[in-house]
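In: Below are the sequence and a predicted model for it; my questions follow.
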Amino acid sequence: MIERYSFGKIVIDGVEYTRDLKIIKGKVVPDWWRKSGHRVEISDVEDILKERPRIVVLGKGKPGLMKPAESLRIFFQENRIELIVENTSKAIQTYNWLYKEGRNVAAGFHLTC
């Protein structure tokens, strides 16, 4: 579970992280770097896709500068994977709720801008 978030910092299960990260099958994958910085491409989430989640939550930063590429949105739609894109604070709430509900959910969180 994600316990706290503030600009540039997230605490998950008592561990503090200061770089973007993904959560796949309840496990943290730290130091998430994207090829295009603030744009998420399919290649940036290949490890998530291998686990075949039904829902992917993307936290796009505090002010929301990170965005999914249109090709990623289309891919998710064609593969019937629900994509939820929200500012990171809201995305964390959404992820926690879905995780508690036992849903097959994965996430990627941009911690800063």
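Out: Received the coordinates, thanks.
In: in the chain, which spans are helices?
Out: For the chain, the helices defined by DSSP state H cover 46-50, 70-78, 88-100.
In: Compare those helices and give me the one nearest Ser36.
Out: Ranking the helices of the chain by proximity to Ser36 (CB to CB) places helix 70-78 first, at 10.9 Å. (Each C-beta comes from the backbone N, C-alpha and C, glycine too.)
In: Other residues contacting the closest one?
Out: Val40, Glu41, Ile42, Val45, Val56, Glu82, Leu83 (CB atoms under 8 Å, 6 or more residues apart in numbering).
In: CA atoms of stretch 7-24 as PDB?
Out: C-alpha atoms of stretch 7-24 as PDB (Å, rounded to 0.1, in the frame of the first residue of the first chain):
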ATOM      1  CA  PHE A   7       6.200  16.300  -4.400                       C
ATOM      2  CA  GLY A   8       9.200  14.100  -5.300                       C
ATOM      3  CA  LYS A   9       8.700  11.600  -2.600                       C
ATOM      4  CA  ILE A  10       6.500   8.500  -2.000                       C
ATOM      5  CA  VAL A  11       6.400   6.000   0.800                       C
ATOM      6  CA  ILE A  12       5.300   2.500   0.100                       C
ATOM      7  CA  ASP A  13       5.200  -0.200   2.900                       C
ATOM      8  CA  GLY A  14       7.500   2.000   5.000                       C
ATOM      9  CA  VAL A  15      10.100   2.500   2.300                       C
ATOM     10  CA  GLU A  16      10.700   6.000   0.900                       C
ATOM     11  CA  TYR A  17      11.300   6.500  -2.900                       C
ATOM     12  CA  THR A  18      12.400   9.700  -4.500                       C
ATOM     13  CA  ARG A  19      12.300   8.600  -8.200                       C
ATOM     14  CA  ASP A  20       9.500   7.600 -10.500                       C
ATOM     15  CA  LEU A  21       8.400   4.000 -10.100                       C
ATOM     16  CA  LYS A  22       6.000   1.300 -11.200                       C
ATOM     17  CA  ILE A  23       4.000  -1.100  -9.100                       C
ATOM     18  CA  ILE A  24       3.400  -4.500 -10.700                       C
END
